[in-house]
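**Student:** need a structure here:
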Amino acid sequence: MPITPSAVSLQGRVAVVTGGGSGIGRGIAAGLAAFGAKVAIWERDETTCAAAAAEVDGLALVTDVRDGAAVDAALAGTIEHFGGVHILVNNAGGSFDSPLLETSENGWDALYHANLRHVLLCTQRVARAMVEAAHGGSIINVTSIEGVRAAPGYAAYAAAKAGVINYTRTAALELAEHGIRVNGLAPDFTLTEGLAAMASPQRLHDAARMVPLGRGGHVDEMAGAAVFLASSLSSYVTGQTLHVDGGTQAAGGWYRHPASGRYTLGPTATP
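**Tutor:** All right, here's what the predicted structure looks like:
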């Protein structure tokens with residue numbers, strides 16, 4: 001049957017966005033709401049959680065998604081307020097320098113908890129509710145380009161993000177019989193308030209040169225991909241990870257040399 005504009009509508013659907021208080025998560029929450037979804041923000045920062053929820057006329061639930069009991073409580077609160085959940089965006093995450101020879105056991109565990117454990121917890125809890133409600137659903141896991149390439153200095157983070165990609169594939173197969181689709185979104189250089197706080201304008205400019213499209217991504221562009229995966233437009237898409245990165249994953253290290261404008265491999269190569 002031919003598609004119609006209504007296929008992108010999220011009217012009547014309830015979405016949960018973890019880590020939705022800022023950055024990519026906040027952008028995705030706004031995008032889902034713009035297409036009609038009722039949105040619950042699960043975020044551990046009370047201030048940003050409330051602000052993000054207010055922007056989308058949604059539900060703010062201060063939640064540490066690394067804790068199973070907290071996830072259970074947030075899910076119960078969401079169902080009580082909105083009814084069954086149709087869309088889950090596992091966006092929460094974080095990183096810090098973790099050179100291979102210096103990463104402590106506690107550091108490794110912290111990065112695992114922040115980037116992979118919560119994906120398992122939230123997916124399992126929400127998927128159980130979706131199965132019980134028998135209405136299918138869409139689960140979207142935000143991973144990173146670092147999950148598919150080497151990341152010197154960030155081995156633990158990259159390993160966790162690679163785990164998210166593989167978990168996405170396996171969960172897609174296990175949940176397919178219930179009409180639940182599971183996909184991933186992999187950003188690279190995306191302009192967020194967190195990135196702006198960490199990097200100088202010059203570093204941001206230099207990073208943009210590594211992107212084939214010539215600029216950093218915007219959270220709204222991640223939101224657009226999330227709306228696609230949440231909506232009926234992607235009704236036959238599951239087990240996939242979509243790279244929303246301006247072409248960097250495809251480039252594989254090639255970039256336009258600032259002097260010649262021609263593609264060259266590696267930042268020290270000559271035109």
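
**Student:** counting neighbours, what do you get for F35?
**Tutor:** Residue neighbour count, defined by other CB atoms under 10 Å, stands at 18 for F35. To be clear about C-beta, it is placed using only N, CA and C from the backbone, and glycine gets the same treatment.

**Student:** mind checking the SS state of the nearest residue to it once chain neighbours are set aside?
**Tutor:** Closest residue in space to F35, ignoring its immediate chain neighbours: L10 at 4.4 Å, by CB to CB, 6 or more residues apart in numbering. When classified by DSSP: H, G, I helix; E, B strand; the rest coil, L10 comes out as coil.

**Student:** wait, L10 sits on V39?
**Tutor:** No - with contact defined as CB atoms under 8 Å, L10 does not reach V39; the gap is 9.5 Å.

**Student:** how much space between L173 and A160?
**Tutor:** 21 Å (CB to CB, to the nearest Å).

**Student:** quick one: which of those two has more around it?
**Tutor:** A160 (25 against 11).

**Student:** give the contact list for that one.
**Tutor:** By CB atoms under 8 Å, 6 or more residues apart in numbering, A160 lies in contact with 111-112, 114-116.

**Student:** next step: those restricted to strands.
**Tutor:** Within the contacts of A160, no residue falls in strands by DSSP state E.

**Student:** can you pull the phi/psi pair for A186?
**Tutor:** Dihedral pair for A186: phi -120, psi 100, per degrees, to the nearest 10.

**Student:** that one - how many residues pack around it?
**Tutor:** Residues near A186, counting by other CB under 10 Å: 24.

**Student:** pLDDT at it, what is it?
**Tutor:** pLDDT recorded at A186 is 96.

**Student:** could you do Y255 as well?
**Tutor:** Reading off the model, Y255 has pLDDT 83.

**Student:** ok, now A259?
**Tutor:** With respect to pLDDT, A259 scores 78.

**Student:** and it, how many neighbours does it have?
**Tutor:** The number of residues packed near A259 is 9, by other CB under 10 Å.

**Student:** before we move on, what about A129?
**Tutor:** Neighbour tally, A129, other CB under 10 Å: 17.

**Student:** assess the claim that it and G84 are in contact.
**Tutor:** Yes - assessed by CB under 8 Å, A129 is found in contact with G84 at 6.4 Å.

**Student:** so, low pLDDT: which residues of the stretch 101-250 of the chain?
**Tutor:** Applying pLDDT under 70 to the stretch 101-250 of the chain flags residues 193-200.

**Student:** just the C-alpha atoms of the helix or strand hosting R203, please, in CSV.
**Tutor:** Using DSSP states H and E, R203 sits within helix 201-209. This file holds the C-alpha atoms of helix 201-209, laid out as CSV (Å, rounded to 0.1, in the frame of the first residue of the first chain):
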residue,chain,number,x,y,z
PRO,A,201,36.0,27.0,18.8
GLN,A,202,39.3,26.1,17.0
ARG,A,203,38.9,22.4,17.9
LEU,A,204,35.3,22.4,16.8
HIS,A,205,36.4,24.0,13.5
ASP,A,206,39.1,21.4,13.0
ALA,A,207,36.7,18.6,13.8
ALA,A,208,34.2,19.9,11.2
ARG,A,209,36.9,19.5,8.5
